[in-house]
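# Generate a structure from the sequence data that follows.
(2 chains)
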Amino acid sequence: MIYREAGDFKTSYRDDSQTFPIRLDRWGYYAIMAVAFGIIPFVINDYWANAVLVPFLIYAIAALGLNVLTGYAGQVSLGTGGFMAVGAYAVYKLMTSFPDVSIVIHILLAGGITAGVGVLFGLPSLRIKGFYLAVATLAAQFFLVWLFNKVPWFYNYSASGQITSPTRTVFDQAVTGPAATAPAKYLICLVFAFALAWLARNLTRGSLGRKWMAIRDMDIAAEIIGVNPLRAKLSAFAVSSFFIGIAGALLFAVYLGAAEVGEAFGINKSFLVLFMIIIGGLGSIFGSFAGAAFLVLLPVLLKNFLVGNMGWPTDLAAHIELMIVGALIVTFLIVEPHGLARLWRLAKDKLRLWPFPH
Amino acid sequence: MNAMTQDGYVTADGRQIGPVVMELKNITLRFGGVVAIKDISFDIRQGEIRAIIGPNGAGKSSMLNVISGFYHPQDGQVIFKGQPRPAMKPYQVARLGIARTFQNIALFDGMSVLDNIMTGRLNKMKAGFLSQAIWWGAAEREENENRAAVERIIDFLEIQNIRKTPVGRLPYGLKKRVELARALAAEPNLLLLDEPMAGMNVEEKEDMSRFILSVNDEFGTTICLIEHDMGVVMDLSDRVVVMDYGKKIGDGTPAEVRSNQAVIDAYLGVAHD
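Sure thing, here's the model as predicted:
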């Protein structure tokens, strides 16, 4: 009844093509942004930042990046972990080499460097598709992890082989290193997630996004209407890797603080982000956030429930939790293969007509 | 047909046809040992509806693929607007203003009807990456201008009510119409239609014929089509090329072609005695 289009007349194409054409959606979006920017920073504590919100935002950025590549442009990639490592090591080298430059610039540059590496590993996509391309990007994953392990220059010849993030500030607030506070960490991730989601939405609704989707749905037809497949695919790899690089940089610098490449950016990460976009919904900005929330929050909720409410021992809970998450993923994919974004869309379609059946 | 001159001719229904737009000269196309097209020459003139007909496997679709740049002939020249066209990629051919539809529909199933038709205008959208990324300036202006153009085509083809429907959910006849809309959105000089009426019922065929004629009439688009329904071909087209086993066996107005003995033999078969 409240959620409806009727009476909300659009008089220009600009109005008709806006992101949230329905008024209630728009209000909901503003409300969420107001809470995220105006309330949470004042009430957030270390537990919420480290266990829930910061990893959620960082993985949402990575999922957005992979969704651009896989969901919008149709190029399957298993190299996400490797590209996140590029972002992390790039930001580490930049932070230690130019300590006077702002960390924000470093993170953006790290994204740019990852974009370059992504384009390089995206070149095989011009000749191979689908599963074969996935295998080719798997090569990127293993090669990049090997590279960061074997070449000491990347970890500044540290004895442990780890990279450790030094303290850097934004507006005199430490956002990295041991002195960083929960609100500062949360806010820097939120700003990046917000800006990048907006960027992704803009890119996917314009001509570039249509080129990507055309290549995804039918590459021959795309070519016949004038899409240059080389540029479309490589631009998708570049944009996607830019996002993933920033996610990697934030994961290392803000969230982990110290990282060892095999552990932090292994093949597990590639699969985790891939599951996020499959569960969230391919080709959907909302889906990237929903998928990241699902896979970040679910283990936390389960753990709290099993250990906190049921009083199980922590180690038992940890194992059961893995099994439950796995089972839930399988069940979920059987019930709704198109992901949370599709469930959300169906719910909205029903709401539009509610309480009338037709 | 009145006398054919360098500058064109006047059709039976009184339309003025212009000079040659696309000329195919001695085209030969081979796939290994199979000769799909053997030494074929014909031309397409400004503003006319040109049909290519022939029995199955005659090489009609191969011919269309040569024109749209999918296949590169081993011999012969493709001359577009007086310029010999070098071997090009399909997307480069599209930029010359040649649009086409496919025999088995090639739409983007995951996108809405509107987005599908908007892809037809990709070559007209020039906004830079940055402008698109922040959705300000050129990108937004361009989007709305092209949306207006696309809406005119949507009105023209009477598909307003399915504008936001995902293409995958549409019935066959409407998909064909959306594909025509996408080709039209590019405002092509030359529109290639590969069996636009295949698999349609009579009403749908009538609708599609009407749209093809109006496109030609209102936008002055030159059309080259392949079709199996003889009634449709004879009614719609100004000139017809007939192919059989990769060779050209007839070329002329529908009336001329119909009375051509080689064409009758190809279609009805001929007694070998």
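
# going forward, measure contacts and count neighbours with C-alpha atoms only.
Noted.

# now the strands for the chain?
In the absence of a named chain, chain A is used. A:163-164, A:169-170, A:173-174, A:258-259 (DSSP state E).

# wait, chain B
Listed in chain order, the strands of chain B (DSSP E) span B:9-10, B:16-17, B:20-31, B:34-45, B:49-53, B:75-80, B:83-84, B:98-100, B:190-194, B:222-226, B:239-244, B:247-252.

# counting contacts, what elements does the first one pack onto?
So the one you mean is strand B:9-10. Here strand B:9-10 touches strand B:16-17, going by 3 or more CA pairs under 8 Å, 6 or more residues apart in numbering or on different chains; DSSP states H and E.

# The strand it packs on: partners in the sheet, and parallel or antiparallel?
strand B:9-10 (antiparallel) (DSSP bridges).

# about what we covered before: now mean pLDDT and distance to residue A:294 too, for the strands of chain A, in CSV please.
Shown next, in CSV, are the strands of chain A (pLDDT from 0 to 100; distance: least, CA to CA, whole Å):
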stretch, mean pLDDT, distance to residue A:294
strand A:163-164, 86, 29
strand A:169-170, 82, 30
strand A:173-174, 80, 29
strand A:258-259, 86, 24
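
# mind checking which of those strands is nearest residue A:267?
For the strands of chain A, proximity to residue A:267 was assessed by CA to CA; strand A:258-259 is nearest, at 15.0 Å.

# what's in contact with the closest one?
If you take CA atoms under 8 Å, 6 or more residues apart in numbering or on different chains as the criterion, strand A:258-259 is touched by A:162-165, A:252.

# chain center to it, what's the gap?
Remark: strand A:258-259 is offset 20 Å from the chain centroid, using CA atoms, centre = their mean, to the nearest Å.

# Parallel or antiparallel, list what pairs with it.
When DSSP bridges is applied, strand A:258-259 pairs with strand A:163-164 (antiparallel).

# Residues touching the partner strand, excluding its own?
Contacts to strand A:163-164, defined as CA under 8 Å, 6+ apart, come from residues A:89, A:92, A:155-156, A:253, A:257-260.

# Tell me the one of those nearest residue A:353?
The closest of the contacts of strand A:163-164 to residue A:353 turns out to be residue A:253 (CA to CA; 47.1 Å).

# what about that closest one, how many residues close to it?
Residue A:253 has 29 neighbouring residues, counting by other CA atoms under 10 Å in any protein chain shown.

# isn't it right next to residue A:176, touching?
Yes - here residue A:253 reaches residue A:176: they are 5.8 Å apart, a contact under CA atoms under 8 Å.

# Common neighbours of these two, please.
By CA under 8 Å, 6+ apart, the residues touching both residue A:253 and residue A:176 are residue A:165.

# Run through the residues that contact the closest residue to residue A:49 other than its chain neighbours.
Leaving aside its sequence neighbours, residue A:49 sits nearest to residue A:182 (CA to CA, 6 or more residues apart in numbering or on different chains; 5.7 Å). If you count contacts by CA under 8 Å, 6+ apart, residue A:182 has them with A:44-46, A:49-50.

# Spell out the residue ranges of the helices in the stretch 151-300 of chain A.
Using DSSP state H, counting those that start in this stretch, the helices of the stretch 151-300 of chain A run over A:182-205, A:207-217, A:219-224, A:229-250, A:261-264, A:267-280, A:285-303.
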